[in-house]
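Engineer: Sequence unavailable; structure follows:
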């Protein structure tokens with residue numbers, strides 16, 4: 001355990017930030033599961049709306065450095081690719 005005042009403060013800050021990021025990542029995973037369900041159902045309109053919300057969440061988390069910006073871009077690209085394939089098939 002840290003002993004100096006600055007190290008104790010940094011430990012408190014890290015715990016707080018970890019809790020915030022954990023909640024944000026959990027919300028992202030929930031949104032991605034909703035997208036997955038919509039894509040599996042084959043509903044293009046519902047999938048498009050869920051992907052729009054997921055992209056919004058990904059952008060917000062990337063802006064705050066909860067996830068890396070390239071990881072967010074990669075996830076958005078893959079979701080959009082799946083939506084395009086679904087629309088093409090229908």
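Structural biologist: That came in fine, so what should we check first? Fair warning: this is a prediction, and the values are worked out from it, not measured in the lab.

Engineer: Next, the buried residues of stretch 27-36.
Structural biologist: Residues of stretch 27-36 classed as buried by neighbour count (16 or more other Cβ atoms under 10 Å): 28, 31-32, 34-35. C-beta here means a position set from N, CA and C on the backbone, and glycine is covered the same way.

Engineer: do stretch 5-16 as well
Structural biologist: Buried, per 16+ other Cβ under 10 Å, within stretch 5-16: nothing.

Engineer: which element is the most centrally placed residue in the chain on?
Structural biologist: Centroid check for the chain by Cα atoms, centre = their mean gives residue 28 as the closest residue, at 3.6 Å. Assigned by DSSP states H and E, residue 28 belongs to helix 5-41.

Engineer: What is that helix packed up against?
Structural biologist: Contacts defined by 3 or more Cβ pairs under 8 Å, 6 or more residues apart in numbering; DSSP states H and E place helix 5-41 against helix 44-63, helix 69-89.

Engineer: Show me the one of those helices that comes nearest residue 3.
Structural biologist: Nearest to residue 3 among these is helix 44-63; the distance by Cβ to Cβ comes to 34.0 Å.

Engineer: Give the rounded mean pLDDT of the closest one.
Structural biologist: Mean pLDDT, computed over helix 44-63, is 97.

Engineer: Go through it and flag the buried ones.
Structural biologist: Buried, per 16+ other Cβ under 10 Å, within helix 44-63: 44, 47, 50-51, 54-55, 57-58, 61-62.

Engineer: picking that back up, dump the helices and strands packed on helix 5-41 to CSV, plus distance to residue 2.
Structural biologist: Shown next, in CSV, are those (distance: least, Cβ to Cβ, whole Å):
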stretch, distance to residue 2
helix 44-63, 28
helix 69-89, 30
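
Engineer: Can you list phi and psi of residue 65 for me?
Structural biologist: phi 60, psi 20 (degrees, to the nearest 10).

Engineer: Looks like residue 10 contacts residue 4 (just checking).
Structural biologist: No: applying Cβ atoms under 8 Å as the test, residue 10 and residue 4 come out as separate, 9.2 Å apart.
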